[in-house]
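Colleague: I would like to see how this sequence folds:
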Amino acid sequence: MRTLFIKNMVCNRCILVVQHELEKLGIAVNSVKLGEITLKKDLTTKERAAMENALIPLGFQLIDDKKSRIIEKIKNVIIDLVHHQDNDAKTNLSDILSNVLHHDYNYLSNLFSEIEGTTIEKYFIAQKVERVKELLVYDELSLSEIAFRLNYSSVAYLSNQFKKVTGLTTSHFKQIREDKRKPLDKV
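Modeller: Numbers count the residues shown, from 1 in each chain. Sure, this is the predicted structure:
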C-alpha cells in the first residue's frame, strides 16, 4: 500500500472530488481522507502524471517533501477539529497535534511558523473565527451555544477574538450578512 499526501483538501466535498477524479482515472484506492490518499498499489509514472494533471486544475497538489506533509497534516487536524467535530474535548491543541503527528509540539510550532509565516495558534484562531461566521450565518445557534461548541471559555472571549480578527462585532457581522440577503420573492 502507498500513501500520497495532497495539499488544499479542506472539506468533505474535497474528499468526494478527489475520489471521483481517481475513479475516472481508474486508480484503485483504499481510502481518501483530508490531505491523504491510501492507494491499493504503487502508481506508475504515467498514472502519477495523469493524477497530478487531473488534480491541479481543481486546486489540489501532491506533496512530496516531508516538511510540507507535516504542515498539511497540522492544517488538516485543525480543520477537522474546528469544522467537523463537536469539540467537547478540553484537550490542548498542542497535545492533540503532538499525539496525532508523533512530534514534539515545539518542533511542529517552529516548522509551521517557518514555512507558513504565521503561528499554529493564529491559524487555529482563524479557523475558529471562520467557523463562528458560518454558524452565525446559519442562525441556528445562539452565541453562547456557539461559544460552548467551539470551546470558548465565555461569550465575551469569543466576541473579543472575533472582533480582533474581523474588525466587526458578531452582531454587526450578522447584520451585514442579513442586509445582503434578499427575500426569495424579491430575487
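
Colleague: list the buried residues in the helix or strand of the chain with the lowest mean pLDDT.
Modeller: For the chain, using mean pLDDT, DSSP states H and E, the weakest element among its helices and strands is helix 170-180, scoring a mean of 78. Of the residues in helix 170-180, those buried by neighbour count under the rule 16 or more other CB atoms under 10 Å are 170, 173, 174. (Glycine included, C-beta is placed from N, CA and C.)

Colleague: and it, what other elements does it pack with?
Modeller: Applying 3 or more CB pairs under 8 Å, 6 or more residues apart in numbering; DSSP states H and E, one finds that helix 170-180 makes contact with helix 120-138, helix 155-166.

Colleague: returning to that earlier point: mind putting the buried residues of helix 170-180 into CSV with distance to residue 150?
Modeller: Converted to CSV, the buried residues of helix 170-180 look like this (distance: CB to CB, whole Å):
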residue, distance to residue 150
170, 12
173, 15
174, 16
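
Colleague: between those residues, which is nearest residue 51?
Modeller: Distances from residue 51 to the buried residues of helix 170-180, taken as CB to CB, are shortest for residue 173 (39.8 Å).

Colleague: the closest one contacts residue 134, doesn't it?
Modeller: No: checked against CB atoms under 8 Å, the pair residue 173 and residue 134 is beyond contact range at 11.2 Å.

Colleague: tell me the domain ranges of the chain?
Modeller: Under automatic domain parsing, the residue ranges defining each domain of the chain are 1-64, 66-187.

Colleague: pLDDT below threshold where in the chain?
Modeller: Residues of the chain that meet the criterion pLDDT under 70 lie in 1, 86-90, 178-187.

Colleague: ok, which stretches of it are helices?
Modeller: 12-25, 45-55, 66-79, 93-101, 105-116, 120-138, 143-149, 155-166, 170-180 (DSSP state H).

Colleague: okay, the ones you listed, which one's buried deepest?
Modeller: Counting by mean count of other CB atoms under 10 Å, helix 66-79 has the highest mean neighbour count of these, with a mean of 19.

Colleague: restricting to C-alpha, output it in CSV.
Modeller: Output in CSV follows, covering the C-alpha atoms of helix 66-79 (Å, rounded to 0.1, in the frame of the first residue of the first chain):
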residue,chain,number,x,y,z
LYS,A,66,8.4,15.7,4.5
LYS,A,67,8.1,19.2,5.9
SER,A,68,5.2,20.1,3.6
ARG,A,69,3.4,16.9,4.5
ILE,A,70,3.7,17.7,8.2
ILE,A,71,2.4,21.3,7.6
GLU,A,72,-0.6,19.9,5.6
LYS,A,73,-1.3,17.4,8.4
ILE,A,74,-1.3,20.1,11.0
LYS,A,75,-3.7,22.1,9.0
ASN,A,76,-6.0,19.1,8.4
VAL,A,77,-6.0,18.2,12.1
ILE,A,78,-7.0,21.8,13.0
ILE,A,79,-9.7,22.0,10.2
